[in-house]
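S.K.: 3D model of this:
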Amino acid sequence: MQKILWAVNSAAAVFDGHSIPLILVGALGGCSGKFLQTAEESMRKHSADISKGEFLQISFVTKASLLISTVFSMIKIEVLPLTIAQGLFLCSLVLVSFNLGMTLAGLPDPFHPIANATWRVVSLGKSMPPKEVQSLMKKKGN
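M.R.: Prediction:
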């Protein structure tokens, strides 16, 4: 979380009061290793294939970095009336409770239900939802 906080503070010095750059720079500050690993693997294989890696299959670390970066950015631009310590505590509490709840539910990623719900909203006009959504739809009888 320190890397994300540092990245948000650094971005706040450059992009004063703009939330989107703060969130994106903070998220990249927290998970840049995953993006660099994917880019390095592509360069070593001499291919532009990014189908396996962080660009298409976003990891838990990237999702958590995006969430933490959003909270820190909202604190920085004074949308959330919290201190940094309270923001750290809030992010830790949310991530631990998500992880615990999803582990008990048997899902590998705490953001899995959110991703499925988002996919349903985004793909209303599309014909083929992902396999997870198809299996859920079959269970519900839709």
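S.K.: show me what contacts residue 6?
M.R.: Neighbouring residues of residue 6 by C-beta atoms under 8 Å, 6 or more residues apart in numbering: residue 29. No exception for glycine: its C-beta is placed from N, CA and C like everyone else's.
S.K.: just residue 85 next, same as before
M.R.: No contacts exist for residue 85 under C-beta under 8 Å, 6+ apart.
S.K.: now swap in residue 17 and tell me
M.R.: Residues near residue 17 by C-beta under 8 Å, 6+ apart: residue 77.
S.K.: next structured bit after the helix or strand harbouring residue 41?
M.R.: Element membership of residue 41 [criterion: DSSP states H and E] is helix 19-44. Next helix or strand after helix 19-44 toward the C-terminus (DSSP H and E): helix 60-76.
S.K.: Report the buried residues of that next one.
M.R.: Across helix 60-76, burial judged by 16 or more other C-beta atoms under 10 Å covers 60, 62-76.
S.K.: Please consider this matter closed, and thank you.
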